[in-house]
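Novice: Okay, here's the prediction I keep looking at, along with the sequence it came from:
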Amino acid sequence: MRRFLFAGLVLAVAGQLPAAAQTTNSGTDKFAQLETMLPTPNSYRTASGAPGPDYWQQRADYDIKVTLDDAKQAITGRETITYTNLSPDALPYLWVQLDQNILDKNSITTATQVGQLQDKMSFQGLESMLSDFDGGFKIESVTGKDGRALHTVTNHTMMRVDLPAPLQPRQSVSFNVKWHYNINDQLKINERSGYEYFPQDKNYLYEIAQFYPRMAVYSDNQGWQHKQFLGNGEFTLPFGDYKVSITAPADHVVGATGTLQNAAQVLSATQMKRWEQAKTATKPVLMVTQDEAVKAEASRATGTKTWTYVAKNVRDFAWASSRKFIWDAMQIKQNGKPVMCMSYYPKEGNPLWGQYSTQVVAHTIKTYSKFTIPYAYPVAISVHGPVGGMEYPMLCFNGGRPQKDGTYSAQVKYGMISVIIHEVGHNFFPMIINSDERQWTWMDEGLNSFVQFLTEQEWERNYPSRRGEPRNIAAYMATDNSLQSPIMINSESALQFGNNAYGKPATALNILRETVMGRELFDYAFKTYAQRWAYKHPTPADFFRTMEDASAVDLDWFWRGWFYTTEHTDLALESVKSYNASTLNPQVENARLQQQRAAAPQSITAQRNATDIPKTLVDEKPELKDFYNSYDPLAVTPADQQRYTAMLSNLTPEQQQRLNDSQTNFYELSFRNVGGLVMPIVLQMTYADNSQEIQTIPAEIWRKNNAQVSKVIVTKKPVISFVIDPFQQTADTDLSNNAFPRQPAASRFELFEQQRPQTPPNPMQQQTSRTTSPMQKLEQKPVGSGQ
């Protein structure tokens, strides 16, 4: 539609529309501030999102000795935990996490599992249901420093240790724990650690984690975090120093969190020489070659070796052990500090693992350090075994295995690279920026998946990232609200866990970076968050507040919509009206209107009446005609021309020039927020000369009316089409209403030969096919038999 306005109305169109037409929020303001929903700032956590002057956190140091029983697939261990109370509170008891108890036959996880029986079930699923595996920690003793038993109470995956006297602020207490447990077959009981058995060479590969009783977090914002471990909500742990001695068969190779303290006792002279070569290598050096690993597979050592590792200021510890391991290493420098990047993998992982794993580890450390903080730990390790993907400080377990003939699909290759990036990236979230995984999975998985996306794109141009691109999350966000949860929900309650805690928050951050804030503001704020909360315990409010504090961008509307609701993006361009300024010259304007009238199509009634009604009554009786039968309202009269001349005399030269400006175009665009999520409007305009322009209208355009708004666009060239979100950068779930004029959605259908319905099996055929058919029996009757 193209309309022409008088000069006095042009100013009204170009300016703001009347308030009554723009404000209809009715108390549902999506731009309301979050202060009523976020915790009140205090001296521990400030309103800026930074740690306050009185911030504190607890500390737990460990001295652990464990033995791997390769014959029984079991762990025995003992530890001394030294817990330091840096809080202002006296603590009469301590809470210790017993994560292995999730595999206890009477665990809450088993008791509360839900499901339905289907027509088909995998053998692994059946094995898991019928398993009689004797899992969980078997606590042998808990004693004080003096050797006396301490009173304990075990509540599923948590154990309370009652102290002889309350632990006062700024004091420490040490106590000892002895335990053992059976290691799960990871391929039968899918957990975050376990073993894999290789029947071809009769060897085991162990990936060991959650193997020791470990301290729960006591914090300023919630006291003890002792929510039970049910499976989804992972781990919340204090920082400390670890010394861990691992006794394993003498022909095993053991990799672990931290740095090896007794290399001369457990490595050969050749391996020590290779280690030195790895420090200056530009590609991975094989510490244990494939030939050496294959030779070790055939050995069965009767003795043991003890590998001692030390890790400083970490929140956890994990390790891996097998005689099957190939081991390679390559040292890089990160901010001037050496980081030894390593991989441990069986021959079944080659050629993928030898070619890619350690290179991916190094690339991840460099890229994450650029976007967050410099990696400060001395090693970073990727281990291939039965666990598909799990993270620990300095070490992670990753899947991705080629076929037996060494070939692999693109999906396997990129899946392997992505999982290594993801799990190594967890060194930053949550191993260093140490959020509460038990409560808020998104704070580590979502943030980590976002930086994973950035890292993948720096690995290879047009890398096939699974998460990060807004278009990839649109289908999930379009699903029914009953199938979704807000991101801000407890880890154990989230629906569609992967989309909720990984994909959606990762996409949200990418949209913030590319569309809402811009890369410069976002990257600085994100890095500020990492710097503020490195080696500390941040909460969602600390993240939200820091991102705003370091950027001067009010993001409360964004956190509210993306993190606290299940609304989705669906912005519609409902109509476009086109205007030009009227010249007010009756000669020009009336001639134009006459052309429009002449060009207007004659109605179907008028066309038929011209034939069906040869003469009207007025035609037959001319005396019925009067002034109006010959009056032309568009005929220009002298009075019209005089009024025009008088009007011009009252205008300035600039105003007169505006009247003759036929090049300026005014477009009134009407937008509707169908999905509920307020977002910036990214608008592409295609001009008549086929050139294009992008305008990004900030989300604040919706601040006075969250549901519908109008916007006037002024251009020097005529526009032939408008498109919202042309690059699909806002996760819009319905692109069919984004263009004006509307654009047909191109697609194809597949032709096929219609098949007849399959008939059910014929029992008679099944029976007779084993012997002789009835017809054959008739044919075999002898002549004269009477048949």
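Specialist: Looks like it came in fine.

Novice: in what helix or strand does Pro374 lie?
Specialist: In this structure, Pro374 is located outside every helix and strand according to DSSP states H and E.

Novice: Tell me how far it lies from Ile208.
Specialist: To Ile208, Pro374 is 29 Å away according to CB to CB, to the nearest Å. All C-beta spots, glycine's among them, are computed from the backbone N, C-alpha and C.

Novice: Between these two, which is the more surrounded one?
Specialist: Regarding Pro374 and Ile208, a neighbour count based on other CB atoms under 10 Å identifies Ile208 as having more, with 24 against 15.

Novice: Quickly list what the more buried one is bridged to.
Specialist: Trp319 (DSSP bridges).

Novice: That one and Ala318 touch, don't they?
Specialist: Yes - Ile208 is within contact range of Ala318, at 6.4 Å (criterion: CB atoms under 8 Å).

Novice: between the two, what contacts are shared?
Specialist: Common contacts of Ile208 and Ala318 (CB atoms under 8 Å, 6 or more residues apart in numbering): Ser193.

Novice: Strands of the stretch 651-787 of the chain, residue ranges please.
Specialist: 665-673, 681-687, 692-697, 708-715, 719-724, 739-740 (DSSP state E, counting those that start in this stretch).

Novice: Going by neighbour count, which residues in the fourth one are buried?
Specialist: Read it as strand 708-715. Gln708, Val709, Ser710, Val712, Ile713 (16 or more other CB atoms under 10 Å).

Novice: Output the longest helix belonging to the protein.
Specialist: In the chain, taking DSSP state H as the definition, the longest helix is helix 352-371.

Novice: and that one, what other elements does it pack with?
Specialist: strand 326-334, strand 337-345, strand 379-384, helix 410-425, helix 442-459, helix 519-533 (3 or more CB pairs under 8 Å, 6 or more residues apart in numbering; DSSP states H and E).

Novice: 10 Å - rerun?
Specialist: With contacts taken as 3 or more CB pairs under 10 Å, 6 or more residues apart in numbering; DSSP states H and E, helix 352-371 sits against strand 326-334, strand 337-345, strand 379-384, strand 395-398, helix 410-425, helix 442-459, helix 519-533.

Novice: roughly how far is that helix from the heart of the chain?
Specialist: On the basis of CA atoms, centre = their mean, to the nearest Å, helix 352-371 is displaced by 20 Å from the centre of the chain it belongs to.

Novice: quick one, that helix and helix 519-533 angle?
Specialist: Following axes from the mean of the first three to the mean of the last three CA atoms, to 10 degrees, one obtains 90 degrees for the angle between helix 352-371 and helix 519-533.

Novice: can you pull the pLDDT of Pro774?
Specialist: pLDDT for Pro774: 48.

Novice: going forward can the numbers begin at 29, since that is how I track them
Specialist: Let's use 29 as the start, then, which means that last one is Pro802.

Novice: Which parts of the stretch 179-328 of the chain are strands?
Specialist: Using DSSP E, counting those that start in this stretch, strands in the stretch 179-328 of the chain cover 180-183, 186-195, 199-210, 222-226, 231-236, 242-243, 245-247, 251-253, 268-277, 281-284, 287-288, 313-316.

Novice: May I see those strands organised as CSV, with distance to Ser493 added?
Specialist: Listed next are the strands of the stretch 179-328 of the chain as CSV, based on distance: least, CB to CB, whole Å:
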stretch, distance to Ser493
strand 180-183, 42
strand 186-195, 38
strand 199-210, 38
strand 222-226, 28
strand 231-236, 26
strand 242-243, 34
strand 245-247, 33
strand 251-253, 33
strand 268-277, 34
strand 281-284, 29
strand 287-288, 33
strand 313-316, 30
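
Novice: Dump those to CSV, plus mean pLDDT.
Specialist: Supplementary listing: these in CSV, determined by pLDDT from 0 to 100:
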stretch, mean pLDDT
strand 180-183, 98
strand 186-195, 98
strand 199-210, 98
strand 222-226, 98
strand 231-236, 98
strand 242-243, 98
strand 245-247, 98
strand 251-253, 98
strand 268-277, 98
strand 281-284, 98
strand 287-288, 98
strand 313-316, 98
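
Novice: how close does Met707 sit to Asn701?
Specialist: Taking CB to CB, one finds Met707 at 8 Å from Asn701.

Novice: Buried residues in stretch 359-366, which are they?
Specialist: Gln359, Ile360, Gln362.

Novice: Now tell me what touches that stretch from outside.
Specialist: 303-310, 313, 367-370, 386, 389-391, 393-394, 396-398, 401-408 (CB atoms under 10 Å, 6 or more residues apart in numbering).

Novice: Just the buried residues of those residues.
Specialist: Counted by 16+ other CB under 10 Å, the contacts of stretch 359-366 give 303, 306, 309, 313, 367-370, 386, 389-391, 393-394, 396-398, 401, 403-408 as buried.

Novice: Is it possible to get a markdown table of the buried residues of stretch 359-366 that adds distance to Leu62?
Specialist: What follows is the buried residues of stretch 359-366, written out as a markdown table (distance: CB to CB, whole Å):
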| residue | distance to Leu62 |
| --- | --- |
| Gln359 | 45 |
| Ile360 | 41 |
| Gln362 | 36 |
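
Novice: Can you lay out these as JSON lines showing pLDDT and distance to Gln559?
Specialist: Shown next, in JSON lines, are those (pLDDT from 0 to 100; distance: CB to CB, whole Å):
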{"residue": "Gln359", "pLDDT": "98", "distance to Gln559": "25"}
{"residue": "Ile360", "pLDDT": "98", "distance to Gln559": "22"}
{"residue": "Gln362", "pLDDT": "95", "distance to Gln559": "16"}
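
Novice: Give the other helices and strands that the helix or strand hosting Val616 contacts.
Specialist: Val616 is part of helix 614-627, with elements assigned from DSSP H and E. Counting contacts by 3+ CB pairs under 10 Å, 6+ apart, helix 614-627 is packed against strand 30-33, helix 666-677.

Novice: one more time with 8 Å, if that's ok
Specialist: So helix 614-627, by 3+ CB pairs under 8 Å, 6+ apart, packs with helix 666-677.

Novice: ok, and for the helix it packs on, which residues are buried?
Specialist: Tyr672.

Novice: Could you list every helix and strand in contact with that helix?
Specialist: Checking 3+ CB pairs under 8 Å, 6+ apart, helix 666-677 ends up next to helix 614-627.

Novice: Quick one: name whatever helix or strand follows the helix it packs on.
Specialist: helix 632-640.

Novice: Skipping adjacent residues, who's closest to Glu262 in space?
Specialist: Glu465 (4.0 Å; CB to CB, 6 or more residues apart in numbering).

Novice: so that neighbour touches Ser519, yeah?
Specialist: Yes - counting by CB under 8 Å, Glu465 touches Ser519, with 7.1 Å between them.

Novice: what sits in contact with each of these two?
Specialist: Gly261, Glu262.

Novice: can you list the weak-confidence ranges in the protein?
Specialist: 29-55, 792-815 (pLDDT under 70).

Novice: repeat that for 90
Specialist: 29-57, 133-134, 137-160, 509, 608-611, 617, 676, 683-691, 771-815 (pLDDT under 90).

Novice: My understanding was that Asp375 contacts Arg351; is that so?
Specialist: Not quite, residue 375 is Lys, not Asp. No - using CB under 8 Å as the test, Lys375 is too far from Arg351 to be in contact (11.7 Å).

Novice: what about the two, which has more around it?
Specialist: The neighbour comparison of Lys375 against Arg351 (other CB under 10 Å) goes to Arg351, with 25 against 17.

Novice: From Gln299, how far off is that one?
Specialist: On the measure of CB to CB, Arg351 and Gln299 end up 14 Å apart.

Novice: what do you get for Asn183?
Specialist: With CB to CB as the criterion, Asn183 and Gln299 are 46 Å apart.
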